[in-house]
Every structure is written in structure tokens, then in C-alpha cells.
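J.: Just need the structure, nothing else, for what follows:
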Amino acid sequence: MMLLLLALPLPVLASVDQVSAITLRDVHPLYGGQILYLSADGSGYCQLVTHPSGTAELHEQRYRLALPPARVRTLWQLLSADQLRAASSSTQPGLPGAARPRIVAQLASGQRIDLSRWQHDRQPEFDAIYQALLAITRDAATGSTLLAEGRFDPQWQPQQSATH
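T.: Take a look at the predicted model:
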């Protein structure tokens, strides 16, 4: 019996665990929030959702994103597969009216990492990832192209999104 071992260069092995896309879903039905779809190259979409006073329904502004290369590099250093795996989801029941942000990462290997936490349930690893993604949504309205505005469509997602 012959055993054949293949030695793969380290960069090939590492690329399998790279994040190829990430989604943040953080919309509370009473207050609004944001949904972010982001690809590894920094392109993506952001839905900023509000609940205007005097209306019964949520309103959205949908933006097309194109992050600068330097920001993309910084972001993916923070959002590595290892750091996403180190974060954990909430296991406790939520409080009435609490938000529960959800982060889904698609890895180049095809594996998905799916995390969610109740807003009151603090965890440093999750919070760092969440804050990095929120920073992108905060910048969407000032540096991105507005694609649509009107009634919030919770079912909308990009056609090329690898995270859904």
C-alpha cells in the first residue's frame, strides 16, 4: 500500500478559510435598523431602516457600497474566520422588545458561520465584529449611491449575495 501526501502551499490552505461575504441583519420591527450585504472585494448593499413618526410602517433607504481598498483590508483583518468562530451566539432568552442582530459569514470553503446575540447580552468578540459592520452602515448615507427609497422590503436581497 502506497501513501501519497500532497504538500499545499500555506496561502492555498489559508484562502479556504477566508470570508468571501458577510451579512448583518439588524432591524427591529418597532425601531428600524440596518441590513448590510458585503462581499470580500468591498462591494455590497446597505438598507438603512427607520420608523418615521406618524407612520405605521418602516421606511428604507437602500445604498450600493464600494469600500476603498484600504478599508477592505482593515475590515477583513478584523473579520477573519478565526475571529468569527471565536464569537458565540446568545443562549439566554431575550428581554421583551430587545433587538437581536444576526451576522452570517460565508467562507471560501463553502462553510457558513451564523451568529446572533440579544442586544443586552454582551460578548467582546461578537461586539467587535458588530461594531465594525455598524461603522460601514453609518457611512453608507454619506459616501454611497442611493438606489431606492420608500417602504421597507424585508425580503429584498442582492442577486449575487453569497450569504443567503
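J.: ranges for the strands of this protein?
T.: In the chain, the segments counted as strands under DSSP state E are 19-28, 32-39, 43-50, 59-66, 102-107, 112-116, 145-151.
J.: contacting residues around the fourth one?
T.: Right, the one you point to is strand 59-66. Residues from elsewhere that reach strand 59-66, judged by CB atoms under 8 Å, 6 or more residues apart in numbering: 32, 38, 42-52, 136, 140-141, 144-153, 156. All C-beta atoms are positioned from the backbone trio N, CA, C, and that covers glycine.
J.: try it again with 6 Å
T.: 43-44, 46-50, 52, 140, 144-149, 152 (CB atoms under 6 Å, 6 or more residues apart in numbering).
J.: ChimeraX command for the buried members of the residues you listed?
T.: Only the buried entries of those go into this ChimeraX selection, using 16 or more other CB atoms under 10 Å:
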select :43,44,46,47,48,49,140,144,152
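J.: If we only consider the contacts of strand 59-66, which is nearest to W118?
T.: Closest to W118 out of those is V49 (19.0 Å), distances taken as CB to CB.
J.: residues in contact with H51?
T.: Per CB under 6 Å, 6+ apart, neighbours of H51: 31-32, 58.
J.: Top of these by number of neighbours, please.
T.: L58 (21 neighbours; other CB atoms under 10 Å).
J.: And that one, how close does it get to A21?
T.: According to CB to CB, to the nearest Å, L58 stands 25 Å off from A21.
J.: cool, R122 as well?
T.: According to CB to CB, R122 stands 26 Å off from A21.
J.: Look at the two and report which has more neighbours.
T.: Of the pair R122 and A21, A21 is the one with more neighbours under other CB under 10 Å, namely 23 against 9.
J.: just checking, what packs against the helix of greatest length in the chain?
T.: For the chain, the helix reaching the highest residue count under DSSP state H is reported as helix 124-143. With contacts taken as 3 or more CB pairs under 6 Å, 6 or more residues apart in numbering; DSSP states H and E, helix 124-143 sits against strand 32-39.
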